[in-house]
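In: Build me a model from this:
(chains A, B, C and D)
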Number of protein chains: 2
Amino acid sequence: MKPTMEDVAARAGVSRALVSLVMRNAPNVSALRREAVLKAAEELGYSPHVMARSLASRTSTVLGVMVNDLRNAFFADVVEGLDAAAQAAGFDLILNTGGRVPSRESAALRSLLSFRPAGLILLSPVVPASAIEAAARQCPVVLVSRTSRAAGVDTVNDDGEAGSALAVEHLAGLGHRRIAHLDGGGAAGAAARRRGFRRAMTAHGLEPIVVRSEHTDTAGEKAVLELLSTYDRADLPTGLVAGNDFNAVGAISALEDNGLRVPGDVSVVGYDNTSLASLRHVSLTTVDQPRTEMGRLAFEALLERVRGERTTPVRHLLHPSLVVRSTTARR
Amino acid sequence: MKPTMEDVAARAGVSRALVSLVMRNAPNVSALRREAVLKAAEELGYSPHVMARSLASRTSTVLGVMVNDLRNAFFADVVEGLDAAAQAAGFDLILNTGGRVPSRESAALRSLLSFRPAGLILLSPVVPASAIEAAARQCPVVLVSRTSRAAGVDTVNDDGEAGSALAVEHLAGLGHRRIAHLDGGGAAGAAARRRGFRRAMTAHGLEPIVVRSEHTDTAGEKAVLELLSTYDRADLPTGLVAGNDFNAVGAISALEDNGLRVPGDVSVVGYDNTSLASLRHVSLTTVDQPRTEMGRLAFEALLERVRGERTTPVRHLLHPSLVVRSTTARR
DNA sequence: TCTATTGATTAGAGCGCTCTAAGCTTGTAG
DNA sequence: CTACAAGCTTAGAGCGCTCTAATCAATAGA
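Out: Model (predicted):
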């Protein structure tokens, strides 16, 4: 059995309360006793029991994190940022996945709440807003990649509209006029990207072409085939703004299979700046969001709430940036 | 403030102990009272306080998980498998990263242990064996992608030797005689893969060629350039067993840049079967480990220990399989 | 009718800690 | 010599729950 505070106290010849003070390194403990306690703790291999501490102090150092899919590199990066910030501030993460299934997410949420966490960070949850608001009544909640109007909920999002606009501006700047967007459908963030594309295109006096697709490489291929069948070669869009990197890579494959060179004939821009994009073999021009930073900001927002420094909601909208590589060229 | 068991008891007109029984759905509670308690709990939005429960029952439903890098898709997959199994069995994960830095990992370990978890699962930790054994004295420990001789420690590893052998046999079967391995150096699992390569080659009466490399795409490129500079075109290896998928993709880029076609002139096999490998654009023949399964097995091993069903260590060595795609062809 | 017996319920101690209020030393001033 | 801070230390209640042992009601057996 692990030693308890009582054991340490006995060995150091002091009271349990004093051990407690030393462990929380409170002031007003004489150096003599402090040393003695530390020595005893060391010898016994004592370390405080977080749960007991949490119960007694009515405070929590636990943050509940729900991520719908860890395999998605985006979330993994956010969690990394989150973890780094949390660890530095002495918080622990309890992690759950909901798999983008509302019922499973609800269960995951309940499970997290039963820890009475200091706060909750939900990465792109699909549960109804009412469930989020209910959770927010128990502890501060930060949403990543999802919006909310609730007062107890902070949000951290990347500006998908701005990202698409960046891509459009890049292509337009290179002289492209016929530019198509491979739309991500119902995927997270797809709507904003589509909106941004439309807006930027009309702002440049260009006709927005939107092809329905998905955030996968096979869908990217299919979308290109559809373009090829609806347009004459001469009228084919010369610029493609893909829904994400996978989608872009699929599109590139299909283009090359059909004798079109990238970026010689068609320029392609991805979205997400995944590790895939940076491979020399792929070398995809793409839009990058500050993912780790998003995790850090989410934690920071939570911390402010936990500390009671802020009660009004904050809505972070992070600026994406364009990473120019080898799949885009002057028209 | 969240309602407590006392509140529910008061509302249902029963004792706190009865509420406790209902919450743990113990037998020997009359349907009448059970209903009343459940109703009261529902109305108050009550859910048990896991930490208090854990403290009182002297049991834990928390599993500590340390992963050195979540961005690595391998670990993310393992954690997914772990999480699914744990959730199904009513366990919660508390997650930490150690970043492959021994000192940070030790801190992470300490932090996990302060939760008095039911068990610990360490993914490819770099802390010294003594630290792992110390942890194992406090609770069962399962190691993933790392071996141990300690009696209190179970291990789950993929058979890297077998994986490399699979790749060699595939290439040899296609008629290749000059086969080189792009070695992963000190990366996790690299040693086993190298060993397996050597062994399989000599078993086939072939001369093993090993080029020092790393688990990145740029290192893959460099390794190929090195091969090109040391061999005449006619003597160049016709088969490459890369350290991992990224490495393989880098190698392919370099080969194509130098006028060699894949798989026309050179066949390339990757390792890990990452999402990258399955992209049609890449379509890499590669070795797949059952990653999610590894997570599941790790949890299962832990559960057996927690339940006291087993006290002798178990060493899982999982069989990889070959996924044949388009980067390998008959010589 | 009385006592076992069984099943349902509850009182109360205790898990390992925190925290308030009280107690004990000193040292210094009156 | 007494009074009184100021600085350390500790007693003890309590966090929300579990669990043992005791209580109580109801039924069965003699």
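In: DNA strand C contacts on the stretch 1-150 of chain A?
Out: Counting by Cβ under 7 Å from any atom of the strand, the positions of the stretch 1-150 of chain A adjacent to DNA strand C are A:1, A:4-6, A:16-17, A:20, A:23-24, A:48-49, A:52-53, A:55-57, A:59. Bear in mind the C-beta positions are built from the backbone N, C-alpha and C, glycine included.
In: mind redoing it with 6 Å?
Out: With Cβ under 6 Å from any atom of the strand as the criterion, the stretch 1-150 of chain A meets DNA strand C at residues A:4-5, A:16-17, A:20, A:23-24, A:48-49, A:52-53, A:55-57.
In: how about the helices in the stretch 151-300 of chain A?
Out: Taking DSSP state H, counting those that start in this stretch, the helices of the stretch 151-300 of chain A run over residues A:160-173, A:190-203, A:217-230, A:245-257, A:275-278, A:291-306.
In: what sits against the residue lying closest to residue A:284 once chain neighbours are set aside?
Out: In this structure, residue A:284 finds its nearest non-sequential neighbour in residue A:277, 4.0 Å apart by Cβ to Cβ, 6 or more residues apart in numbering or on different chains. By Cβ atoms under 8 Å, 6 or more residues apart in numbering or on different chains, the contact set of residue A:277 is A:245, A:248, A:270, A:283-284, A:286, A:323, A:325.
In: Check residue A:111 too.
Out: Contact analysis of residue A:111 by Cβ under 8 Å, 6+ apart lists A:96, B:87, B:92.
In: Can you report how many residues lie near the closest residue to residue A:306 other than its chain neighbours?
Out: Excluding its sequence neighbours, the residue lying closest to residue A:306 (Cβ to Cβ, 6+ apart) is residue A:118, at 4.9 Å. Counted with other Cβ atoms under 10 Å in any protein chain shown, residues neighbouring residue A:118 total 22.
In: residue contacts, residue A:118?
Out: Contacts for residue A:118 (Cβ under 8 Å, 6+ apart) come out as A:59-63, A:91, A:139-140, A:302, A:306.
In: so residue A:263 touches residue A:325, yeah?
Out: No. In this structure, residue A:263 is not within contact of residue A:325 by Cβ atoms under 8 Å, at 9.8 Å.
In: What residues does the stretch 201-331 of chain A have near DNA strand C?
Out: Counting by Cβ under 6 Å from any atom of the strand, no residue of the stretch 201-331 of chain A is near DNA strand C.
In: Phi, psi for residue A:28 please.
Out: With angles defined as degrees, to the nearest 10, residue A:28 sits at phi 60, psi 30.
In: Now it: closest residue in space that isn't a chain neighbour?
Out: Leaving out its chain neighbours, the residue that sits closest to residue A:28 by Cβ to Cβ, 6+ apart is residue A:21, at 7.7 Å.
In: repeat for residue A:189
Out: Spatially, and ignoring its direct neighbours in sequence, residue A:189 is nearest to residue A:160 (4.8 Å; Cβ to Cβ, 6+ apart).
In: From DNA strand D, how far off is that neighbour?
Out: To DNA strand D, residue A:160 is 41 Å away according to Cβ to the nearest atom of the strand, to the nearest Å.
In: And for residue A:296?
Out: Using Cβ to the nearest atom of the strand, residue A:296 is found at 31 Å from DNA strand D.
In: Contact partners for that residue?
Out: A:81-82, A:84-85 are the contacts of residue A:296 under Cβ under 8 Å, 6+ apart.
In: and residue A:197, how many residues sit next to it?
Out: Residues lying near residue A:197 (other Cβ under 10 Å) number 27.
In: With residue A:264 instead?
Out: The burial count assigned to residue A:264 is 8, neighbours taken as other Cβ under 10 Å.
In: Provide a list of residues in contact with it.
Out: Residue A:264 makes contact with residue A:329 under the criterion Cβ under 8 Å, 6+ apart.
In: and the gap between it and residue B:151?
Out: Noted for residue A:264: a distance of 63 Å to residue B:151, by Cβ to Cβ, to the nearest Å.
In: can you check residue A:127 too?
Out: The value you get for residue A:127 to residue B:151, if Cβ to Cβ is used, is 44 Å.
In: Which one of these two is surrounded by more residues?
Out: Neighbour count, other Cβ under 10 Å: between residue A:127 and residue B:151, residue A:127 has more, with 21 against 11.
In: sorry, back to before: of all the helices of the stretch 151-300 of chain A, which one is nearest residue B:193?
Out: Between residue B:193 and those, the tightest spacing by Cβ to Cβ is seen for helix A:275-278, at 20.7 Å.
In: what about the nearest residue to residue A:70 once chain neighbours are set aside, which helix or strand?
Out: Spatial nearest neighbour of residue A:70, chain neighbours left out: residue B:76 (4.5 Å); criterion: Cβ to Cβ, 6+ apart. Per DSSP states H and E: residue B:76 is located in helix B:73-88.
In: Same check on residue A:51?
Out: helix A:50-57.
In: Give me the buried positions along that helix.
Out: Buried residues in helix A:50-57, counted by 16 or more other Cβ atoms under 10 Å in any protein chain shown: A:50-55.
In: Restrict these to those that also contact chain B, please.
Out: Intersecting these with the contacts of chain B gives A:50-52, A:54-55 (criterion: Cβ under 8 Å from any Cβ of the partner chain).
In: which stretch of helix or strand covers whatever residue of the stretch 101-250 of chain A ends up closest to DNA strand C?
Out: Closest contact between the stretch 101-250 of chain A and DNA strand C, by Cβ to the nearest atom of the strand, is at residue A:116 (13.1 Å). Assigned by DSSP H and E, residue A:116 falls within no helix or strand.
In: Same question for the one 4 residues further on.
Out: Residue A:120 belongs to strand A:119-123 when assigned by DSSP H and E.
In: Report all helices and strands that that strand contacts.
Out: When contacts are defined as 3 or more Cβ pairs under 8 Å, 6 or more residues apart in numbering or on different chains; DSSP states H and E, strand A:119-123 sits against strand A:62-67, helix A:73-88, helix A:102-113, strand A:141-144, helix A:291-306.
In: rewinding a little: quick one: which of the contacts of residue A:118 is nearest DNA strand C?
Out: residue A:59 (6.4 Å).
In: wait, does stretch A:128-140 make contact with chain B?
Out: Yes. Stretch A:128-140 reaches chain B (Cβ under 8 Å from any Cβ) through residue A:138.
In: hmm, that stretch touching DNA strand D?
Out: No. Counting by Cβ under 6 Å from any atom of the strand, DNA strand D has no neighbours in stretch A:128-140; the shortest distance is 12.8 Å.
In: show me what contacts the nearest residue to residue A:274 once chain neighbours are set aside?
Out: Closest residue to residue A:274 apart from its sequence neighbours, by Cβ to Cβ, 6+ apart: residue A:245 at 4.7 Å. Applying Cβ under 8 Å, 6+ apart, we find residue A:245 in contact with A:270-274, A:276-277, A:284, A:286.
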